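Asker: Dropping the sequence and predicted coords here.
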Amino acid sequence: MSKLFIIGNGFDIAHNLKTSYDEFRKYLLSSNPEINMKDLIVPEKIYEPDGGVTYDEAEVLSMLFYLINEAECNTEKWSNIESSLGQLNFDGVFDWLDDVYDRDGDINYFKTAYRNEDIASDLLIPTTTIQQLFSDWINTLKVDLATPKIDFQNLIGEEDYFLTFNYTDTLQEVYGVAEDCICYIHGRQHCKIYFGHGNEELFTEDYVSTYIGTENTLRDIHIQLRKEVEEALEDNSDFFISLENAHIEEIYSYGFSFSKVDTIYLKEICNRINTEDITWYFNDHNAEKEHPKFKDVLRECGYKGSFGTFHISAK
């Protein structure tokens, strides 16, 4: 019998690793003290001698902090930046602009659209820079200070499978899990990572009706900031296929939030294996509040088995 472990960021945090979204925020602040998050700043293009275009880092970060803080409804902490990237509001860039009028006093829609399009084009590269910044931060994380938890060490075995949503090597470095037993579904340090939101709504009609000329660029920003979960699933299809003959009877989720964007993988698990005789165990942390929601998500993904809980001591 094999077990399948679903590992989320709460696993690394429980091992005292500074991997929360707010640690990413602190990392950005420490790298550039000139960040201005009180005003919405649109970074201006800087033309280089070779014809290339760049942007001032402080201006880019200032814009990102303003937009993300607004989406998070919090100016002091980031709780779920990936979800927030699907809710960025660029109204403040355009709502102070007047329409362009012709000599007869009528709105010149062509010139208005051209003006708005030019401004919107300056948002694309600075906004999507957040993905590279996140990857850079991920590569700075160290796991050498993490120590194994005895309860978890006793729970895992050599025949078990691990689907991790983390980017660190905690499973190998701390627990000695063989690499071929682990699926890094969203990538890992120093490799390509998948980072972004799961909001599939494009808002294109809203952009057209409110700020004509911005729709193409703002749509492109929204799409580029979306997490490419379909690609991640395809890249790791061998792992999910291997589950079919793994004789899995127990599934454990540890530090996993069951967010909507990740349900594509839960559905794939439920499609690959017969879950009727499986028990899915949740970590007992915050059980009363979280477990009913987790169960609802799994039922919607096609899970047919039973549920249980497990405990991991802090030591």
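Answerer: Noted; the coordinates are in hand.
Asker: what about the nearest residue to residue 88 once chain neighbours are set aside, distance to residue 290?
Answerer: Beyond its immediate neighbours in the sequence, the residue positioned closest to residue 88 (Cβ to Cβ, 6 or more residues apart in numbering) is residue 67, lying 4.9 Å away. Where C-beta positions appear, they are placed from N, C-alpha and C, glycine not excepted. Applying Cβ to Cβ, to the nearest Å, one obtains 29 Å for the distance of residue 67 from residue 290.
Asker: isn't residue 107 right next to residue 101, touching?
Answerer: Yes. Counting by Cβ atoms under 8 Å, residue 107 sits close enough to residue 101 to count as a contact (5.9 Å).
Asker: before we move on, the earlier item: show me the contacts for the residue nearest to residue 88.
Answerer: 40, 88, 89, 90, 127 (Cβ atoms under 8 Å, 6 or more residues apart in numbering).
Asker: And the second one, how close does it get to residue 210?
Answerer: Pointing back at residue 88 there. In this structure, residue 88 lies at 15 Å from residue 210, with Cβ to Cβ as the measure.
Asker: In terms of neighbours, single out the busier of those two.
Answerer: residue 88 (21 against 14; other Cβ atoms under 10 Å).
Asker: Now do the phi/psi pair for the more buried one.
Answerer: phi -70, psi 140 (degrees, to the nearest 10).
Asker: can you give me the helices for the chain?
Answerer: The residue ranges that make up the helices of the chain, judged by DSSP state H, are 9-14, 21-31, 57-72, 81-84, 91-94, 109-138, 150-155, 170-175, 204-210, 215-224, 229-235, 237-242, 263-272, 287-300.
Asker: Comparing those, which yields the minimum mean pLDDT?
Answerer: Of all the helices of the chain, helix 204-210 carries the lowest average pLDDT, namely a mean of 69.
Asker: Among the helices of the chain, which comes closest to residue 2?
Answerer: Closest to residue 2 of the helices of the chain, according to Cβ to Cβ: helix 237-242, at 10.1 Å.
Asker: Could I get the buried residue list for the closest one?
Answerer: Neighbour-count burial for helix 237-242, with 16 or more other Cβ atoms under 10 Å as criterion, is recorded at 239, 240.
Asker: Same question for stretch 296-306.
Answerer: Counting neighbours by 16+ other Cβ under 10 Å, the buried set in stretch 296-306 is 297, 298, 301, 303, 305.
Asker: What's the end-to-end length of that stretch?
Answerer: Across its full length, stretch 296-306 reaches 12 Å end to end, with Cα to Cα, to the nearest Å as the criterion.
Asker: Residues contacting it, please?
Answerer: Under the criterion Cβ under 8 Å, 6+ apart, residues 258, 263, 266-267, 269-271, 275-280 lie in contact with stretch 296-306.
Asker: Of the residues you listed, grab the buried ones for ChimeraX.
Answerer: What follows is the ChimeraX syntax for the buried subset of the contacts of stretch 296-306, where burial is set by 16+ other Cβ under 10 Å:
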select :258,263,266,267,269,270,275,278,280
